[in-house]
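[1] Sequence and predicted structure, then a few things I'm wondering about:
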Number of protein chains: 4
Amino acid sequence: MIITLHKSADPAPLLAFLQEEGICFEQRGHALLLPAELPVDAAALRRFAAVDAVIAGDEPCLLVSRSAHEEDSVVRFGSAAVGGGAFALMAGPCSVESEEQLLTVAKAVKAAGATVLRGGAYKPRTSPYAFQGLRQEGLRLLSLAKAETGLPLCSEVMGVRELEYFDDIDILQIGARNMQNYDLLREAARTRKPILLKRGPAATVREWLLSAEYILAGGNEQVILCERGVRGFDSATRYTFDLSAIPLARELTHLPVIADPSHATGLASLVPAASLAAAAAGADGLLIEVHNDPLHARSDALQALSCEEFAALAPRIERVRQAARP
Amino acid sequence: MIITLHKSADPAPLLAFLQEEGICFEQRGHALLLPAELPVDAAALRRFAAVDAVIAGDEPCLLVSRSAHEEDSVVRFGSAAVGGGAFALMAGPCSVESEEQLLTVAKAVKAAGATVLRGGAYKPRTSPYAFQGLRQEGLRLLSLAKAETGLPLCSEVMGVRELEYFDDIDILQIGARNMQNYDLLREAARTRKPILLKRGPAATVREWLLSAEYILAGGNEQVILCERGVRGFDSATRYTFDLSAIPLARELTHLPVIADPSHATGLASLVPAASLAAAAAGADGLLIEVHNDPLHARSDALQALSCEEFAALAPRIERVRQAARP
Amino acid sequence: MIITLHKSADPAPLLAFLQEEGICFEQRGHALLLPAELPVDAAALRRFAAVDAVIAGDEPCLLVSRSAHEEDSVVRFGSAAVGGGAFALMAGPCSVESEEQLLTVAKAVKAAGATVLRGGAYKPRTSPYAFQGLRQEGLRLLSLAKAETGLPLCSEVMGVRELEYFDDIDILQIGARNMQNYDLLREAARTRKPILLKRGPAATVREWLLSAEYILAGGNEQVILCERGVRGFDSATRYTFDLSAIPLARELTHLPVIADPSHATGLASLVPAASLAAAAAGADGLLIEVHNDPLHARSDALQALSCEEFAALAPRIERVRQAARP
Amino acid sequence: MIITLHKSADPAPLLAFLQEEGICFEQRGHALLLPAELPVDAAALRRFAAVDAVIAGDEPCLLVSRSAHEEDSVVRFGSAAVGGGAFALMAGPCSVESEEQLLTVAKAVKAAGATVLRGGAYKPRTSPYAFQGLRQEGLRLLSLAKAETGLPLCSEVMGVRELEYFDDIDILQIGARNMQNYDLLREAARTRKPILLKRGPAATVREWLLSAEYILAGGNEQVILCERGVRGFDSATRYTFDLSAIPLARELTHLPVIADPSHATGLASLVPAASLAAAAAGADGLLIEVHNDPLHARSDALQALSCEEFAALAPRIERVRQAARP
């Protein structure tokens, strides 16, 4: 560990403290060299006026780090996969609303090339008075759609006590609001199912990776990271789509990284451009909201693509992916 | 409901849609007047190019709104209270670390005028490898400190399955990471205990109030709101202390609003100024981290005040509160 | 104009005020219909407690609006152009450092397909002690590079009194720090040269368009908008690249919209992905920093591509552009 | 200088580069010790994969730093001053609108205890079609108000060519939009008048101080810093008032630091709480918008206090200042 010192402040109180604590150090100009392990929290040393910076050196090596696992990880579910060259096109309605709605959308997105059906049964809503999802009935309809189309399923789980109902769900989604709900992260890890972990709207990339680390440390390496927009200052879009986070995360981790352009922009008219951008930037997949009748959707009506819009977009995504290769 | 139209776009598709849906409307220049209740989600109408804005009129009246309950609500715990003129000075260590540490701090903050002892037993940590708190043992030590000092207790609960251990805790804290953990909000509401709800770092004031509404809608009106900093772009402070949110929230709701200057700034040297500012701005209380030996704290060492610093600050807070009155 | 009223507040003071001011109005449930033009600033009416929202209807139609000019505008400079299907690939060093450096880079980017040479002569630097650019000498070297390669030039102007030296510069860049330097916007407009207007790091898309409006209102329609990242909370990248702002701006305005992935990300390793993403999202061009020896660059060394990296990237950009077409 | 290395990456390319450049270094575990001055930009070394962090040690000592000048600086204008215990209460209308308006407000704020009259003659407006101020006529009216009341004047200058008209203005305000308009900073410095430098809405505290450094490096030490809110994500307030920036800036610099609660909040109802908070947090002054008839103000009507509201607030500010003292 290294501590750099301000030129203008008296280092005596710091040096006295180090001696009291029995910490060996060596002074080199305006730097102090210390052992890697200290008996106090290194950050606490910044309380001394003379301390400019505390450089801890490398963090303990994380399981999520690219340096811990150089090759891309591949996450598999049913017949499909994501990562290591496999691209996952996940599509479906924000909320499961009815059998007819879900089957119509499921068949349409499958025909257009989707590899996973996404659909919300348990819905996190800002207001307690908004539609909260069909819950167990929604999960039943998803199973039905899986039986009908063969598409693996992705659906959000909001609490540890609902996990028991998700047996037939292939990918457990942990939503942006729950990215740091550690109890849920730990329990979801135990299911040994693939987990799609959305980035929180105020989370740095590093914090997002550390939430994934909770899952890997729990013995489950099947994690898919999903960028879905961060909180920004321009209310013209629902969130600010942090495109650069995709290649940045792919540098830092071996886990697959996908994007959710529907939540990131909140506007159907921007979803195609954002989807193509993510594909060009190297995303391993996309999560896109599609509804058979967006004007009558029970949630997120503004951001859903119609089945026809999705069918027109899917081949462009594939063309851009191919074109972007080095 | 009112829809305003763009001057430059053709309204025909919108008007046709409204007729198909059997929605009565009346056109006034560039505005359409519609009934308050529509068979479609009003937001969806913004998908039509001709629609400039959709004005839904008042939201359904919320239980948290000042308009639903004009007088300040008072939340009581043990011998103390917050709101309606009662000021709560909550202080104590970030983490409960040992009996000696906790009792030392508890006695010191009580002597300085604190009305509540705060201390973390279950600690939400960004990294799975950081100290996670003493957990049940921490709660036991808190009970002991309560018996010793008579101070009511405030401690964070992170998951629904831990709630059973919080019987002796007077105020359940729901942390910033869990502000939209609806499962936890609902279960905590059921305990009928006072709940201190921290604002999420990316939450608007309105979203924060809607999370409180989950608790009130669950039959528990004992909610204390706590501003603790929002995510900002300047890493010189840990968060950006959103001071204006205090008077703004007090305009919008009857619930007590307090501030946590320790997390908001992340730097002990800024905590006194931020505490005094909150008191001057009308906060109903403060939540301040105090440690008997900040340099050896096991978490948040940079932001804790020493017992002596807290003792010097407490009377200044009281003087400012009095001076700020109209 | 329409005013919506809160259900819970007394409208009498507002109604009395409107009568005093001689403003005709008609009440419809919780809405007041008013004339489009008022003798007071409509926003001021929000001071009355009964007022929920003031809906002004369409803004005065802006010259930058897509509704004022449906077709894409094309901005021409020398033999090249941007907008309406023409893609501008602008490349070159952050700072002009020497004749050798500039000519080496200019020839390299031309060979790789660049259509414009960018290079900074006057450099805005956060610190007064950082290298401020070669200034007039830098402009002389740019002219030399133009003579040698035939590439039109883009360079930043920072003050009205320097404009006289920019005769040979084809595109005047107004930097992010000066997006709301209205004096400079007005004077630059007067030159009748094409102006590349960077978005300020805290500017909404609407504010950016209104700054462009200053130039159009000054009689100059040759404006190119450039997204270059907004201020975000994650210091892992220099700024947050607001990818969605590209398709959003292209919906709202007829002006060409390009992206600067070098400043937006600040990291050379992310520039290729961000460039491809912008091309896929419909950007009309790119502005990329290229240096013959990035490790010895005098400014922004971390974000410049080497000439070889740029040469490898350029054909991928073109392929993605083609692939992204509907 | 110190470079820390990643444990997992090969340092050979870095070491080879340092040798080629003739840079001496000494390796200590995962750290390299280098000379303070290098022939390359130290930041550029982060391009090597093995480099974790580059620690430059102390920046060159800045003139604005507290370490360069331990005592508070005092800035004087006419009979008044700010800094070193002197509190400046600056008040007046956003825009100078008429002789009657200005004199009415000037007399009222003087009677209430203001020490400086603020008023905008040249107005920076987001839209080119908004009222741009009375300009030279506005300055003439300010002079008149100064003659009448004896109050020193503060008014915003937006361009270098207007400076010649500001002879009778005591404090030149440089607005948030121009915080990094270096041409204006340099020219304003030359006038040797006190300069009130507002923080840009996306500027870190460090960037704000570096803009002030441009003025001090230009030979003018009469700088007053003004926090006026940063861009935030919650549109409920106009900006996010960054209260902590006040004590933080006061730690880092010897220059006086004041606050502008009117722009920071944008809502008159929040201005009293924000003003009191700033005073409690140690601000050296306040800049408050006051209008004799806010409902008819030509700009910023929502945020101005009436003369009566200001008169009620001023004594509370003074009481809180006294109460907050240690």
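    All right, it came through fine.

[2] How about the residues of the stretch 101-250 of chain A by chain C?
    Taking C-beta under 8 Å from any C-beta of the partner chain as the test, the list of the stretch 101-250 of chain A residues beside chain C reads A:202, A:204-206, A:230, A:232-237, A:240-248. Yep, even glycine has a C-beta here, placed from its N, CA and C like the rest.

[3] of those residues, buried ones?
    In these, burial by neighbour count holds for A:202, A:204-206, A:230, A:232-234, A:236-237, A:240-248, counting by 16 or more other C-beta atoms under 10 Å in any protein chain shown.

[4] end-to-end on stretch A:79-91?
    16 Å (C-alpha to C-alpha, to the nearest Å).

[5] quick one: which of the residues of the stretch 101-250 of chain A next to chain C sit in helices?
    Within these, residues falling in helices by DSSP state H are A:205-206, A:245-248.

[6] Helix, strand or coil: sort out residue A:258 for me.
    Using DSSP: H, G, I helix; E, B strand; the rest coil, the structure places residue A:258 in strand.

[7] Any stretches of chain A with poor pLDDT?
    Where chain A drops to pLDDT under 70, the residues are A:56-61.

[8] which strand is the longest one in it?
    Secondary structure assigned by DSSP state E gives strand A:285-291 as the longest strand of chain A.

[9] and that one with chain C, contact?
    No: applying C-beta under 8 Å from any C-beta, one finds strand A:285-291 separated from chain C by no less than 12.4 Å.

[10] Could you tell me which strands the helix or strand just after that strand is paired with, and in which direction each runs?
    Next helix or strand after strand A:285-291 toward the C-terminus (DSSP states H and E): strand A:305-306. According to DSSP bridges, strand A:305-306 forms sheet pairs with strand A:285-291 (parallel).

[11] quick one: the strand it pairs with to chain centroid distance?
    Offset of strand A:285-291 from its chain centre (C-alpha atoms, centre = their mean, to the nearest Å): 15 Å.

[12] when you check chain D, which of the residues of the stretch 101-250 of chain A next to chain C turn up near it?
    Among these, the residues within reach of chain D (C-beta under 8 Å from any C-beta) are A:232-233, A:235.

[13] Present these as TSV; the columns should include distance to residue D:293.
    Shown next, in TSV, are those (distance: C-beta to C-beta, whole Å):
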residue	distance to residue D:293
A:232	37
A:233	32
A:235	31
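
[14] Out of the residues you listed, which comes closest to residue D:189?
    residue A:233 (31.1 Å; C-beta to C-beta).

[15] Now do the phi/psi pair for that closest one.
    phi -100, psi -10 (degrees, to the nearest 10).

[16] Contact partners for it?
    Applying C-beta atoms under 8 Å, 6 or more residues apart in numbering or on different chains to residue A:233 gives the contacts C:202, C:204, C:230, D:231-233.

[17] Now with 10 Å, please.
    A:240, B:233, C:202-204, C:230-232, D:201-202, D:230-235, D:239-240 (C-beta atoms under 10 Å, 6 or more residues apart in numbering or on different chains).

[18] same thing with residue A:214?
    Here residue A:214 is in contact with A:64, A:179-182, A:184-186, A:188-189, A:197, A:220, A:223, B:125-129 (C-beta under 10 Å, 6+ apart).

[19] In which helix or strand does it reside?
    helix A:205-217.

[20] Give me the distance between that helix and the centre of its chain.
    Chain-centre distance of helix A:205-217: 9 Å, with C-alpha atoms, centre = their mean.

[21] Stretch A:178-190 too?
    Taking C-alpha atoms, centre = their mean, one finds stretch A:178-190 lying 13 Å from the centre of the chain it belongs to.

[22] Dump that stretch to PDB, keeping only the CA atoms.
    The C-alpha trace of stretch A:178-190 is given here as PDB (Å, rounded to 0.1, in the frame of the first residue of the first chain):
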ATOM      1  CA  ASN A 178     -33.300  -4.900  -6.600                       C
ATOM      2  CA  MET A 179     -29.700  -4.800  -7.900                       C
ATOM      3  CA  GLN A 180     -28.500  -4.400  -4.300                       C
ATOM      4  CA  ASN A 181     -31.200  -6.500  -2.600                       C
ATOM      5  CA  TYR A 182     -28.500  -8.800  -1.300                       C
ATOM      6  CA  ASP A 183     -31.000 -11.200   0.300                       C
ATOM      7  CA  LEU A 184     -32.600 -11.800  -3.100                       C
ATOM      8  CA  LEU A 185     -29.200 -12.100  -4.800                       C
ATOM      9  CA  ARG A 186     -28.100 -14.800  -2.400                       C
ATOM     10  CA  GLU A 187     -31.300 -16.800  -2.700                       C
ATOM     11  CA  ALA A 188     -31.500 -16.500  -6.400                       C
ATOM     12  CA  ALA A 189     -27.900 -17.700  -6.600                       C
ATOM     13  CA  ARG A 190     -29.000 -20.900  -4.800                       C
END
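
[23] near chain B, anything from it?
    Yes: judged by C-beta under 10 Å from any C-beta of the partner chain, stretch A:178-190 comes into contact with chain B at A:178-187.

[24] Export those residues to JSON lines and append columns for distance to chain D.
    Converted to JSON lines, those look like this (distance: C-beta to the nearest C-beta, whole Å):
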{"residue": "A:178", "distance to chain D": "20"}
{"residue": "A:179", "distance to chain D": "17"}
{"residue": "A:180", "distance to chain D": "18"}
{"residue": "A:181", "distance to chain D": "22"}
{"residue": "A:182", "distance to chain D": "25"}
{"residue": "A:183", "distance to chain D": "27"}
{"residue": "A:184", "distance to chain D": "25"}
{"residue": "A:185", "distance to chain D": "25"}
{"residue": "A:186", "distance to chain D": "27"}
{"residue": "A:187", "distance to chain D": "31"}
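
[25] Which members of the residues you listed are classed as buried?
    A:178-187.

[26] mind listing which of these are in helices?
    Of these, the ones assigned to helices by DSSP H are A:182-187.

[27] Now do the strands in the stretch 51-200 of chain A.
    Secondary structure of the stretch 51-200 of chain A (DSSP state E, counting those that start in this stretch): strands at A:51-55, A:75-77, A:80-82, A:88-92, A:116-118, A:153-156, A:171-174, A:195-198.
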